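S.K.: Quick one, fold the following:
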Amino acid sequence: MRVYGTCTACEFEASGDTLEQLDEKFKRHFVMRGHKSYFYKEGMVQKIRKLS
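M.R.: Purely as a prediction, here's the structure:
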């Protein structure tokens, strides 16, 4: 099952097979852009995930 996420500060989107893969893609984006969180959809609910 693919997991899709969108940065909360801009329109950057990424996908992965697991949340861990999604985290890795967003960590690279966050280092370059200085953003800190993204949201992803789990079922019908959108959840925010913050990386430190």
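S.K.: list the contacts for Gln46?
M.R.: 39-40 (CB atoms under 8 Å, 6 or more residues apart in numbering). Backbone N, C-alpha and C define where each C-beta goes, glycine included.
S.K.: mind listing what the one helix or strand it maps to pairs with, with the direction of each?
M.R.: Using DSSP states H and E, Gln46 sits in strand 45-50. Here strand 45-50 is paired, per DSSP bridges, with strand 37-42 (antiparallel).
S.K.: Looks like Arg49 contacts Glu42 (just checking).
M.R.: No - taking contacts as CB atoms under 8 Å, Arg49 lies outside contact range of Glu42: 10.1 Å.
S.K.: Averaged pLDDT, stretch 24-31. What do you get?
M.R.: Per-residue pLDDT over stretch 24-31 has a mean of 95.
S.K.: I'd guessed Gly5 sits against Glu24; true?
M.R.: No - Gly5 is beyond contact range of Glu24, at 11.4 Å (criterion: CB under 8 Å).
S.K.: out of those two, which sits in the busier spot?
M.R.: Gly5 (25 against 13; other CB atoms under 10 Å).
S.K.: quick one, helices of the chain?
M.R.: Under the criterion DSSP state H, the chain contains helices at 19-33.
S.K.: If Glu13 is in a bridge, with which residues?
M.R.: Thr6.
S.K.: what separates it from Tyr4, distance-wise?
M.R.: 7 Å (CB to CB, to the nearest Å).
S.K.: returning to that earlier point: and the angle for the strand holding Gln46 with helix 19-33?
M.R.: Here strand 45-50 runs at an angle of 50 degrees relative to helix 19-33 (axes from the mean of the first three to the mean of the last three CA atoms, to 10 degrees).
S.K.: start the count at 41, not 1, going forward
M.R.: Right, with 41 as the first residue, what we last looked at is strand 85-90.
S.K.: May I see the buried residues of strand 85-90?
M.R.: For strand 85-90, a neighbour-count test (16 or more other CB atoms under 10 Å) marks nothing as buried.
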